[in-house]
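*Asks:* no sequence on this one, just coordinates:
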């Protein structure tokens, strides 16, 4: 339960409790505005009945032909609003937009290989690892192996336009590419 | 030629500005009039901060009215770097006039106007472009510009409707319907909405295409809801919402609100038969209750909407006197707690519904008290935490005795330590599920301090939070609490350490830096050369520069990509950040630190004067985030944020205004710049003053205004300082005004300096008719007679000393002690700023101010003595700070929280050491700094 509404530029003044989190990056203003100025329909927030932001999602559409897809650039939910289905709602919404507004075949996202909670959640929503991307992230110094901490998984979920599930594969965790091979 | 220019671009691209300048010089030797190379050189100069030289080239290029795209593009960067947006508009305007068939130039001219919010001109250009190039998106640029002009506060009321009607007419001229693009559609509906044409707007959104767009685009769906509301379709919205909830299983809270609004709609109709309305409404309530009941049945614990909607229904029924079952609210609360007590958000969800009294409160309390601290799972733990928060919310004054509060705090702390077991296997970077119990305990201790004035509970709070942060390293909440407490306890270095631990970035600097920088001059050791806090001010302010450099670019991009729905928000965002209250509060603190650190000369005085005057014309937005700080204090008490704000007075608009007045006035006196001189020396555009009618009044009048609501934001010591500052400047104004050299002399001096620096004369200053008089020109008027200074000036220093002695002896917070001390130092510095001019013997002699000099000397002697006395008392206090005894006192105070292991004696002793060391450092630094300043300005 929440209010879902479009992400506005002025929401940048109100997302501190979401962004002060290990896994969430606060980017330059230009990052958010460049998404809002191109894919405003792929950026949304959910807020409580009292108007407090619970989380947000920022996405984009990219690729052409069968590669046309929606991409989740950032999704974050404040700790106090986790385990309430907020992310599930965001993902379902973004899948709908990727399908209806952009005619995408799948939705994909990147996640740190050590962000186990997020990986489990995405798997629960029907996403699977498509490939492992070397050194996609900076090191957080959490004490995992350097490789696991800096590598990311590219996870995907096919949309109705891909009934044959061509956009995913079962052995994705074994396919390793370097960061400059991905968009 | 290309071959010669390429290396210049390459150098610029890699930010090698020096080699770019060299490369330009090489080409300019052979082709001294090449505009592009001149423009590129100007760019390299701007980037290397050589503003004066850049200006000369820049003006040369502009004067020859460039029209080729490469030169224009280079100049665009130059002008942006110099903040000369007006010139950019003129430049593109001229170029476009030369080549009216050049579409790219037209676009750039439009963008140049859009960047500075010049919508009238933008609209005219779009009209012209649409006529000439026939592309539909120019038509929409035209429409958007008309809408923005209509919404601009500078646009006269009568013109607004004309503009909106124009926009509407233009849309109807579009060959393709607006619904071909969501953003055009959004713009179309918005124009109709602004015109109050709700029926037409409704038709559009409920048309076949409109419905699809609204289902696919959130921003259009939001507009749809708004139109329904404006049309008064509450009942229909309720029916639609019921359908959505039932059939589409939509759990958007807005749908539930729509059902609720529809339930009570009859009561809001004016002039209706009240009794009849109540009857229908009562029936509706029953029906709605059943409806939400069904949702609850279906959803169970999967979703909170139905449960919360029932609570809201009961609350509204009570408000309208239509509640039938007096126990309904408490049983709903109990049920909600049973279902969702295990979720972190339960307290926040229920807060609007628990302002209970009497029997209701007793029933509710007994439900919560049943929760035990014996927990075996995380949801269990949350149930206990939520129960404690909910219970605490309703505590009354009589229940808040220090004994009862201490007991509560200790119980929360014990439960916290117990609860750590549940998270013992979590990786070190995860948050502990029990964290909120530590925060509850800390807030309870803070409340005891607030109610008794005893500082011991603050040490308890600090020590237990220090322990909690070792267990939950990523908890920003614990760190924010520590920052607030350490500031109160006079341990700024520890506050800074935790602030850095939060890793505030980018735009967060605007919303969160107040935690560190509010009244930061209280902690600044700038006088001793330690510029830690000064640099923090600079660091936090960088975001404002990138905002003014970057944000307008996205307004332009949104036009380019036809994302009209985003433009008003981008504009608002840019404005909120540009005119951020926090920005200028930081600026003010920076000025207060700077005058203690640097020599008070014309460079400092003139620059700050100009900047502060700009700020004085702004209408500020407060973007500071206070809500991030959790509040678990009883509703009868002030919030944790209010309790721990320094001196309980949060600097706001009024505070800023007072300090601006103080310093603008002081710098005006000290400066030789008057308005004519300032205009000549200004480089960038003068910012547009806000629409506040007050900005239209003469500056002198505005500076003299004293408003009670502004003074209310000051601490009593700040208010006294304001009075002193006003008296001081009032006394000295006539002498400064008389002795200040005439503008021509000041300009001649500035021109001389520029020429020395750049080898060129300053623009517009080549002919100065009376510069030759060299400032010795006979004045027409007689000098003002020297009068005695008002007694209040000298008395201020007596009062300050008296006040210092009180706080030094008394049981006040270290923050307050430092506040009194640093304001004393500030009063001393303000005196120095306003009397420097009269230190020069020739000024005194020429103006026959011999008598004045004696008065100044008297006050200076008095103030120096006071500052020295405070300094030495503070230094000896510093000595007694970091001793074994002082540490033992802190440990002793922490008795209630010391445990056998973990949070044990050694841990607390270590915290005590850190606090006392930090305090010693700041007392010592400020004491030494004052002694140094007393010497410098003696």
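*Replies:* Now that the structure is in, tell me what you want to look at. Keep in mind that what you see is a predicted model, and the values were worked out from it rather than measured.

*Asks:* mind listing the helices for the stretch 401-550 of chain B?
*Replies:* Assigned by DSSP state H, counting those that start in this stretch, the stretch 401-550 of chain B shows helices spanning B:402-419, B:435-452, B:456-471, B:476-488, B:492-502, B:508-512, B:514-517, B:532-560.

*Asks:* Kindly reformat these as a markdown table containing distance to residue B:667, mean neighbour count and mean pLDDT.
*Replies:* C-betas here are computed from N, CA, C, even on glycine. Formatted as a markdown table, the helices of the stretch 401-550 of chain B follow (distance: least, C-beta to C-beta, whole Å; neighbours: other C-beta atoms under 10 Å in any protein chain shown; pLDDT from 0 to 100):
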| stretch | distance to residue B:667 | mean neighbour count | mean pLDDT |
| --- | --- | --- | --- |
| helix B:402-419 | 48 | 19 | 97 |
| helix B:435-452 | 39 | 25 | 98 |
| helix B:456-471 | 39 | 24 | 98 |
| helix B:476-488 | 29 | 25 | 98 |
| helix B:492-502 | 27 | 20 | 97 |
| helix B:508-512 | 26 | 24 | 98 |
| helix B:514-517 | 22 | 23 | 98 |
| helix B:532-560 | 18 | 19 | 94 |
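
*Asks:* how about these in CSV, adding distance to chain A?
*Replies:* As requested, the helices of the stretch 401-550 of chain B are exported to CSV (distance: least, C-beta to the nearest C-beta, whole Å):
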stretch, distance to chain A
helix B:402-419, 16
helix B:435-452, 9
helix B:456-471, 14
helix B:476-488, 4
helix B:492-502, 6
helix B:508-512, 5
helix B:514-517, 11
helix B:532-560, 4
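
*Asks:* Tell me which of these sits nearest to residue B:95.
*Replies:* Of all these, helix B:532-560 sits nearest to residue B:95, with 17.1 Å by C-beta to C-beta.

*Asks:* could you say what helices and strands the closest one packs with?
*Replies:* Secondary-structure packing of helix B:532-560 (3 or more C-beta pairs under 8 Å, 6 or more residues apart in numbering or on different chains; DSSP states H and E): helix A:29-36, helix B:103-115, helix B:492-502, helix B:508-512, helix B:514-517, helix B:567-578, helix B:581-597.

*Asks:* I'd like to know which of the helices of the stretch 401-550 of chain B lies nearest to residue B:64.
*Replies:* Of all the helices of the stretch 401-550 of chain B, helix B:532-560 sits nearest to residue B:64, with 26.0 Å by C-beta to C-beta.

*Asks:* By mean pLDDT, point me to the weakest helix or strand of chain A.
*Replies:* Least confident helix or strand, chain A: helix A:146-150 with a mean of 87, by mean pLDDT, DSSP states H and E.

*Asks:* residues of that one that come out buried?
*Replies:* A:149, A:150 (16 or more other C-beta atoms under 10 Å in any protein chain shown).

*Asks:* tell me what that helix is packed against?
*Replies:* If contacts are counted by 3+ C-beta pairs under 8 Å, 6+ apart, helix A:146-150 sits against no helix or strand.

*Asks:* any idea which helix or strand comes after it?
*Replies:* strand A:152-158 (DSSP states H and E).

*Asks:* Contacts for that following strand next, please.
*Replies:* A:69, A:95, A:105-113, A:119, A:122, A:125-133, A:136-137, A:165-168, A:172-173, A:182 (C-beta atoms under 8 Å, 6 or more residues apart in numbering or on different chains).

*Asks:* Can you tell me which of the residues you listed are classed as buried?
*Replies:* So, by 16+ other C-beta under 10 Å, the buried ones in the contacts of strand A:152-158 are A:69, A:95, A:105-109, A:111-113, A:119, A:122, A:127-133, A:136-137, A:167-168, A:172.

*Asks:* Now for chain B, the helix or strand with the poorest mean pLDDT.
*Replies:* Using mean pLDDT, DSSP H and E, the lowest element in chain B is helix B:675-681, with a mean of 78.
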